[in-house]
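> with the input below, show me the fold.
(chains A and B)
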Amino acid sequence: MKRLSFLGAALVLVACKIDARNDYLGDKEPQRFDLGRAASAAEVAAVDIDVTPSGAGLPAGSGTAAQGATLYATNCASCHGANGEGKPPAYPQLLGGPKGSFDFASDFKIPRTVGNYWPYATTLFDYIRRAMPLAAPGSLTPDQTYAVTAYLLNREGIIPDGTSLDAKSLAAIQMPAKSHFVVDDRRGSTGGKNVR
Amino acid sequence: MKDTPITRRTLIAGAAAAAGGALIANIGEADAQQKPAAAAAPPPAAPQAPADPTKVPGSPTTAVGTRSPFVNPQRTPVGEITGTSLAPLQDLTGTITPSDLHFTRIHSGVPTIDPAKHTLLIHGLVDRPMEFTLADLKRFPAVTRTYFIECSGNGRAAYRAPKPQMTPQQVDGMFSTSEWTGVLVSALFREVGVRSDAKWFLAEGGDSCLLARSVPVSKGRDDALVAYAQNGEAIRPEQGFPIRLVLPGYEGNTNVKWLRRLKLGTEQFMTRWETSKYTDPLPGGKVRMFSLEMDAKSIITSPAYPEKLSGPGWWPITGLAWTGRGRITRVDISVNGGSSWSEAELITPLTPRAPVRFQYLWKWTGEESMIMSRAVDDQGYVQPTMAQLKAARGPGTDYHFNSIRAWRIARDGTVTFEAAT
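Below you'll find the model as predicted:
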C-alpha cells in the first residue's frame, strides 16, 4: 500500500514535469513554425504567369491576327490543323464550332470551340503561355502570344481584322459563351437529394 | 479447384489489358491520344510451382518485393503525352489502391523532378510570400488520412457508348484510393498569413503544361493537404512526386500534381481546365463550372465482366461506394434489376471522403439476373439511375457520370455490363 502511494506520487511528479516542458507542442499548434524562407519579388515574378479575366497578369506587348496566322501555321497547325479543326480526341478542335444555338447537352459530338464555348478570352492567353506549343511550352514571346490569341479570336469572328491585341483590349473582350456559364448549382443551402 | 480464384483473376487482368487500349482510345477521355502508350507488359509465361512447396526450400529474401507470378493486375495506358491509365478495380480488394496501380491522368506527360530542387511558392494575398522545400514541409505537423481521388471524367465511356463487354476498370477505372501523408494547407496558410480578402487560390503544377486550378480558400482551410507520401512511401511520379495537392472529395483534376505554386486571390482565375474543360453542359443552354464535389457513386466489382459464375449457389456481391460530400451511410443491392433493394454490409470503416467496401451474400438460383448497387450519403443523396441522370443533364453532358451501374448474369453464368439503369 505504501509502495503504491509512492508510485502514485512519482507519477504525479512526472506528469508535472511533462507539463512544464517547453520543447514539445503536443496538440497545441503555434500560429507559425518559422519554416520556409521569404520569397523575393523577383522570385515571385519569375513564375507569376497567371492571367485573370480582369486582365491582371497580362504582360506588356501586342500582336495582330495577321502576325498570328504565320505563327499558328508554324507552331500550332501540325496538331490543331490548318483551320483549327484539330485531331480529336488527342488534339482538340479550336475553331469552327456551330454558333447560334447553345445545345451542347443534347449531343457530345457538337464541337466546343473558342468561339462557341470558351467564356473568357484571357484564358486563351493564359493557356497558350502555360502550355503551348506542346513540344516547346513557354517558347512564345508575349507579342507572339498576343498574336496567336488574336488569330484564334479573329477566325472565330470575335475581333475584327486588323485589331492589335494588348492587355487592355484583350481584357475588354466579351466572349459569346460567357452568359451560359453558372457556378455549381447542384445543391441548395440545406443540402438535398436532388439529382441535377 | 484450389487454383480457381487465381486463374479467374489472371484471366480478368489479361482481358482488361487487351480490351482496354482499343476501347478507351475510341470513346474514352476526349483529349487522350489514340494509340496505346507503352504496350502493357506481355503476359508472363505460365508460372511454375513445385508439386509440394513444403518439400523444397523456398527462395531467398529480396530488396524489393514483387507480386506472386500467379497474379498480374495491369492498368490500361493510353496516350503518350496527354493520356490515361485506368486502375484494375476488378483485381483489387479492400479500399486501398496499390500505388503502382493507382489510375493516372496526365495532360503533358509525367515530369522528372529532383526533389532537392523542387519548391512550393505561396504568394498573392498573403502577408509573407514564402517558398518551402520538401524538407521544410516535412517539419510541419504531419497528417495521414485515407481519401479517394476520382477523375470527374470517370464513367464517360459507359455514359456515351456503353458495351456489354466492359470491365469495372473500363467503366470506372479513373478512381483510386490512397493513404496520403502531408501537411494541412491550413498550416501553410497560417505560416504565410493569408489575408481575409483572399477567397480563391490558384494551385499550379510543375509539369510542362503548368496545369492550374482555382480552389476556394475555405477548402484550403478545411481539409486540404499538401501530400508528400502515398501508402507509406514517397508519392509515385505519376501521382505527383514530390508533392501534390489533395482536396478530399473534389474532382481529380483539382488535386494538382507536382505542385509548385499556390497564389491567393479574390476570385477564380478561370484557367483552361475550369472553363473549356471540366465544365458540364446542361439542358436549357447552361454550362456548370466549378462542380468540384464528386457526388455519391458505387460500382459492383465482382461479379462483373469478364467473370463467369461456375454455377448456382452463394456468391458474394462486392464493390466500392464513395461520396465527395461526406460519408456513405448505406449501400443497397438489387438482384432483380432494381425492382427491390436490400441493404449491403459495409465491411470497412466509414470515414469522410474515403470509399467503403460493401458486401452482399447472394444465393444465385441460376436464373437470369441483373445485379446493381446504389449508394446513399449522409446528406440524403441517393445515387441516381442512368435515366434520372440523363433527364437532369442531357445525353451530351460531360463529367460527373455517377449513375447506378448494373451487371447482367445469364443462365450460363456469363456476366456483362448494363449501363441503362
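
> distance-wise, check the residue in chain A that chain B sits nearest to relative to A:Thr113.
Ranked by C-beta to the nearest C-beta, the top residue of chain A for proximity to chain B is A:Ala105, at 3.0 Å. From N, CA and C alone the C-beta is placed, and that goes for glycine too. To A:Thr113, A:Ala105 is 16 Å away according to C-beta to C-beta, to the nearest Å.

> contact partners for the closest residue to the residue of chain A closest to chain B other than its chain neighbours?
Nearest residue to A:Ala105, sequence neighbours excluded (C-beta to C-beta, 6 or more residues apart in numbering or on different chains): B:Gly394, at 3.0 Å. Neighbouring residues of B:Gly394 by C-beta atoms under 8 Å, 6 or more residues apart in numbering or on different chains: A:Ala105, A:Ser106, B:Pro281, B:Leu282, B:Pro283.

> the same query, at a cut-off of 6 Å, please.
Neighbour list for B:Gly394: A:Ala105, A:Ser106, B:Pro283 [criterion: C-beta atoms under 6 Å, 6 or more residues apart in numbering or on different chains].

> the last one - how many residues pack around it?
To tie it back to what came earlier, the one meant is B:Pro283. 17 (other C-beta atoms under 10 Å in any protein chain shown).

> surely it and A:Ala105 touch.
Yes: using C-beta atoms under 6 Å, B:Pro283 is in contact with A:Ala105, at 4.8 Å.

> one step back: checking the residue of chain A closest to chain B next. Helix, strand or coil?
The local conformation at A:Ala105, judged by DSSP: H, G, I helix; E, B strand; the rest coil, is helix.

> state the distance from it to B:Thr279.
The spacing between A:Ala105 and B:Thr279, counted by C-beta to C-beta, is 11 Å.

> count the residues that sit near B:Val56.
Counted with other C-beta under 10 Å, residues neighbouring B:Val56 total 8.

> next: A:Ser139.
Neighbour count for A:Ser139, taken as other C-beta under 10 Å: 10.

> do the one 5 residues further on as well
Under the neighbour criterion other C-beta under 10 Å, A:Gln144 is assigned a count of 19.

> tell me the contacts of it?
Counting by C-beta under 6 Å, 6+ apart, A:Gln144 has contacts A:Leu71.

> what helix or strand is it located in?
Here A:Gln144 sits within helix A:142-155, counting by DSSP states H and E.

> tell me the first helix or strand C-terminal of that helix.
strand A:164-166.

> tell me the buried residues in that next one?
A:Leu165, A:Asp166 (16 or more other C-beta atoms under 10 Å in any protein chain shown).

> how about stretch A:173-187?
For stretch A:173-187, a neighbour-count test (16+ other C-beta under 10 Å) marks A:Ile173, A:Met175, A:Pro176, A:Ala177, A:His180, A:Phe181, A:Arg186, A:Arg187 as buried.

> how long is it end to end?
32 Å (C-alpha to C-alpha, to the nearest Å).

> and that stretch, how far out from the chain's middle?
16 Å (C-alpha atoms, centre = their mean, to the nearest Å).

> stretch B:95-109 now?
Computed by C-alpha atoms, centre = their mean, the chain-centroid distance of stretch B:95-109 equals 8 Å.

> that concludes my questions; thank you for your assistance.
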